[in-house]
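> A predicted structure for the sequence below; I have some questions about it.
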Amino acid sequence: MTTIPLVRPPYEDWYCPNCGVSERTKALPANTSRFHTCPGLHMLTAPLIRANVYAKVEAEERADYLGREVQATGDDGKPYMAVRTTRDDGDDLLVNAPTARGRLG
Ligand SMILES: [Zn+2]
């Protein structure tokens with residue numbers, strides 16, 4: 001009979017499928033996310049993926065008219081409204097909320 005260790009390793013490895021960056025952190029809770037500015041994804045803020053998870057991280061270009069709103073743009077100058085992470089068990093959307101221009105005073 002084999003015993004399954006109940007103690008997780010004291011560290012976790014993370015990677016980015018787009019730029020190849022990797023990082024080792026102490027073990028973090030399951031719902032924790034790590035982010036980085038991704039040179040493989042137009043310099044947008046993108047999540048790091050746990051090393052044992054296969055996922056696809058893509059930028060979603062904003063389709064509607066930008067108007068006077070300020071939208072995060074990638075280094076290619078295109079407005080991206082979100083970064084989508086697609087995993088086997090679902091997907092996450094990191095939304096770049098547009099900022100309305102305003103003046104104080
Ligand atoms: Zn990256």
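In hand now; what should we look at?
> which residues touch residue 88?
residue 54 (CB atoms under 8 Å, 6 or more residues apart in numbering). C-beta: built from backbone N, CA, C; applies to glycine.
> got any ranges where the protein has weak pLDDT?
Within the chain, the stretches with pLDDT under 70 are 1-6, 8, 64-68, 70, 97-105.
> spatially central residue for it, please.
The structure's the chain has its C-alpha centroid closest to residue 47; by CA atoms, centre = their mean the separation is 2.3 Å.
> in which helix or strand does that one reside?
In this structure, residue 47 is located in strand 44-50 according to DSSP states H and E.
> residues in contact with that strand?
Residues contacting strand 44-50 (CB under 8 Å, 6+ apart): 12-18, 21, 23, 33-38, 55, 57, 59, 72, 74, 80, 83, 85, 92, 94, 96.
> now it: buried residues?
Buried positions in strand 44-50, judged by neighbour count with 16 or more other CB atoms under 10 Å: 44, 46-50.
> these: which two are farthest apart?
Maximum pairwise distance among those (CB to CB): 19.8 Å, between 44 and 50.
> need the strands for this protein, in chain order.
For the chain, the strands defined by DSSP state E occupy 11-15, 22-26, 34-38, 44-50, 55-61, 80-87, 90-95.
> got the residues of this structure near the ion?
Residues of the chain found near the ion (CB under 5 Å from the ion) are 16, 18-19, 21, 38, 40.
> rerun at 6 Å
Within the chain, the positions adjacent to the ion are 16, 18-19, 21, 36, 38, 40-41, 46 by CB under 6 Å from the ion.
> now the buried members of the contacts of strand 44-50.
If you count burial by 16+ other CB under 10 Å, the buried members of these come out as 12, 14-18, 21, 36, 38, 55, 57, 59, 72, 74, 80, 83, 85, 94, 96.
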